[in-house]
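Trainee: Let me see the structure of the following:
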Amino acid sequence: MKTNLSLLLVFVLVSLAATAQNRNDVFDAKVPVNWLGLEFSKARFIGDRERLGSESDMRHLLEAWNELILTERDKYRIHEAILRPEGLNPAVRPVEERNADLDVLSLYSPDPKDYFHLKPENVRAIAASYNYKALNGIGLMFVVESFSKINDEAAVWVTFIDMKSKEVLFTERMTGKPKGFGLRNYWAGAVYDIIKQIEKKEYEMWRKKYYRG
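Mentor: This is a model prediction of the structure:
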């Protein structure tokens, strides 16, 4: 009986290893990546309270930022930044549903210190809190920490997730400078800046840091 149980345990562990993603997979162009979108559940919008507008205005902005990245994917070329020439699989529904349920008024903050308020363990908790439903493989989520008018900068945790186990493969905090006309385009410009940084140097730096060949 003990032998049978041991064999079963080995089989289960081998099966899990065969299906689970690991950090190396992030750097394998043949491994598909799912784009999960901009996640705002712990975000803080610092300063610029009047321009951000009402609750309905804010909800519209959260939707618009995610829609913009999908509809203008030729500009927001996340797939090229992480060397996925065939593109990313759009899989934004779980994040969109979470964003739609947020108390958006609680995301406003007058405190400059909220520019830094998340840690890696907070990002891991956010990733683990999701029901990814039928999705599996690697998910890429931009966990927004803050859009700070005071700092004139956005802070975002670029986060790769094994959606089967809900484990964060790795997450890196990045900042971007906003640019553009209108509130939507202004902060979307910061996301664009982050994507360009990933393309120019960060992805290769992550490879050196995380890849184990």
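
Trainee: after the helix or strand bottoming out on mean pLDDT in the chain comes which helix or strand?
Mentor: Within the chain, no helix or strand scores below helix 2-19, which has a mean of 41 by mean pLDDT, DSSP states H and E. Next along the chain after helix 2-19, taking DSSP states H and E as the criterion, comes helix 23-26.

Trainee: which of the residues in that following helix are buried?
Mentor: Within helix 23-26, the residues scored as buried using 16 or more other CB atoms under 10 Å are Arg23, Asp25, Val26. (Glycine included, C-beta is placed from N, CA and C.)

Trainee: what does stretch 84-100 rub up against?
Mentor: Outside stretch 84-100, the residues that touch it by CB atoms under 8 Å, 6 or more residues apart in numbering are 29, 32-41, 59, 62-63, 66, 70, 73, 78-79, 130-133, 135, 139-141.

Trainee: do that again at 6 Å, thanks
Mentor: With contacts defined as CB atoms under 6 Å, 6 or more residues apart in numbering, stretch 84-100 is touched by 32-37, 39-41, 62, 66, 70, 79, 130, 132, 135.

Trainee: between the residues you listed, which has the most around it?
Mentor: Greatest neighbour count in the contacts of stretch 84-100, by other CB atoms under 10 Å, goes to Leu36: 29 neighbours.

Trainee: the helices in the protein, which residues?
Mentor: 2-19, 23-26, 49-52, 55-71, 78-81, 93-100, 120-128, 183-197, 203-210 (DSSP state H).

Trainee: Most tightly packed of the ones you listed?
Mentor: Across these, averaging neighbours per residue (mean count of other CB atoms under 10 Å) puts helix 183-197 on top, at a mean of 20.

Trainee: name the helices or strands packed onto that one?
Mentor: Judged by 3 or more CB pairs under 6 Å, 6 or more residues apart in numbering; DSSP states H and E, helix 183-197 is in contact with helix 55-71, strand 167-176.

Trainee: And the residue nearest to Tyr130 when sequence neighbours are not counted, what's its pLDDT?
Mentor: Nearest residue to Tyr130 in three dimensions, chain neighbours excluded: Pro94, at 5.4 Å (CB to CB, 6 or more residues apart in numbering). Pro94 carries a pLDDT score of 97 in this model.
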